[in-house]
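1. here are the coordinates; sequence isn't available:
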């Protein structure tokens, strides 16, 4: 029997488009900031900690309670398992692409080839990551306008850091400032594509299907926090202030979820 899952008011297409564009624009702004004045590693680590806290808060406050209260263990197990399997598969695929790109770059450097070639392995990996973020945004809006809005803000913070890091990497590979920003801008379109597919396919989803989709999103977001954001954040020496930024992000969105 299908579950009758009450959801918040379904957001309009204009609202979803606006909140999908916001993270993409901020990612481009982060790239522009990086080529103008690259942030220090401590600041980037603080942004990553904060973004992880924000996304973890959205998961705990908005998605998880909706999933638990409907008591559909089989659907939750299926959706969560699919989410974990998908993210592990993407991790394996993107790591292979990054290694192939690094090997090719090393080979070209050793043979004296042109240095400013595009790091396709890195860019494809980033594009896939952003596409998944777009799908997660669609899942958030499928759960309701409030969930989608909070998730859009959380992903905006994440993509700010990703835009900074990608632009710095491109500059180190010998690309000009304008070219680096343009490449990041092109990559950010994957977010809009993912969000468009997510909202189109999931719009109006109810019952067991919505429970599976939300569980998939839960697993994917937890993977994003623990295996990507915090892993990168911990590349720098951990300090009390960096740790605090995680909890500040969590508390801020916990309070925002309570009063919104």
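-> Cool, got the structure. Predicted model only: the values in this text are computed from it and were never measured.
2. from here on, contacts and neighbour counts on C-alpha atoms
-> Noted.
3. so how far is stretch 66-81 from its chain's centroid?
-> In terms of CA atoms, centre = their mean, to the nearest Å, the centre of stretch 66-81 is found 22 Å from the chain centre.
4. Skipping its backbone neighbours, what lies nearest the residue nearest the centre of the chain in space?
-> The residue lying closest to the centre of the chain (CA atoms, centre = their mean) is residue 133, at 4.2 Å. In this structure, residue 133 finds its nearest non-sequential neighbour in residue 191, 6.5 Å apart by CA to CA, 6 or more residues apart in numbering.
5. quick one, what contacts the one you found?
-> With contact taken as CA atoms under 8 Å, 6 or more residues apart in numbering, residue 191 is in contact with 20, 24, 130-135.
6. Looking at those, spot the one nearest residue 145.
-> Closest approach to residue 145 among those (CA to CA): residue 20, at 12.6 Å.
7. thought the closest one was touching residue 192?
-> Yes - between residue 20 and residue 192 a contact is recorded at 6.1 Å, counting by CA atoms under 8 Å.
8. Can you work out which residues contact both of those two?
-> By CA under 8 Å, 6+ apart, residue 20 and residue 192 have these common neighbours: residue 134.
9. neighbour-wise, which of those two wins?
-> For residue 20 versus residue 192, neighbours defined as other CA atoms under 10 Å are more numerous around residue 20 (26 against 23).
10. all helices for the stretch 1-150 of the chain, in order.
-> Ranges of helices in the stretch 1-150 of the chain, per DSSP state H, counting those that start in this stretch, are 13-36, 41-58, 64-68, 73-111, 120-143, 145-172.
11. now for these, which one comes closest to residue 255?
-> Closest approach to residue 255 among the helices of the stretch 1-150 of the chain (CA to CA): helix 41-58, 9.6 Å.
12. Next, the buried residues of the closest one.
-> 42, 44-58 (16 or more other CA atoms under 10 Å).
13. List the residue ranges of this structure that fall below the pLDDT cut-off.
-> Scanning the chain for pLDDT under 70 picks out 1-14, 98, 101-122, 203-206, 260.
14. how far away is residue 38 from residue 158?
-> Residue 38 sits 17 Å away from residue 158 when distances are taken as CA to CA, to the nearest Å.
15. Comparing those two, which residue is more hemmed in?
-> Higher neighbour count among residue 38 and residue 158: residue 158, with 26 against 16, using other CA under 10 Å.
16. thought the more buried one was touching residue 48?
-> Yes - the criterion here is CA under 8 Å, and residue 158 meets it with residue 48 at 6.8 Å.
17. tell me the contacts of residue 219?
-> Contact analysis of residue 219 by CA under 8 Å, 6+ apart lists 80-81, 83-84.
18. Neighbour count added to those, as TSV?
-> Listed next are the contacts of residue 219 as TSV, based on neighbours: other CA atoms under 10 Å:
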residue	neighbour count
80	22
81	16
83	24
84	19
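19. quick one: terminal-to-terminal distance for stretch 63-72?
-> Using CA to CA, the two ends of stretch 63-72 sit 14 Å apart.
20. how about that stretch: buried residues?
-> Quick answer for stretch 63-72 (16+ other CA under 10 Å): 63, 66-67, 70, 72.
21. which one of those is nearest residue 197?
-> For the buried residues of stretch 63-72, the minimum distance to residue 197 (CA to CA) is 20.0 Å, reached by residue 63.
22. Pretty sure the closest one sits against residue 147.
-> Yes - if you go by CA under 8 Å, residue 63 and residue 147 touch, sitting 7.4 Å apart.
23. Of all the helices of the stretch 1-150 of the chain, which one comes closest to residue 185?
-> helix 13-36 (5.5 Å).
24. Which other helices and strands does the closest one contact?
-> helix 120-143, helix 145-172, helix 177-202 (3 or more CA pairs under 8 Å, 6 or more residues apart in numbering; DSSP states H and E).
25. Which of these sits closest to residue 225?
-> Of all the helices and strands packed on helix 13-36, it is helix 145-172 that lies closest to residue 225, at 9.9 Å by CA to CA.
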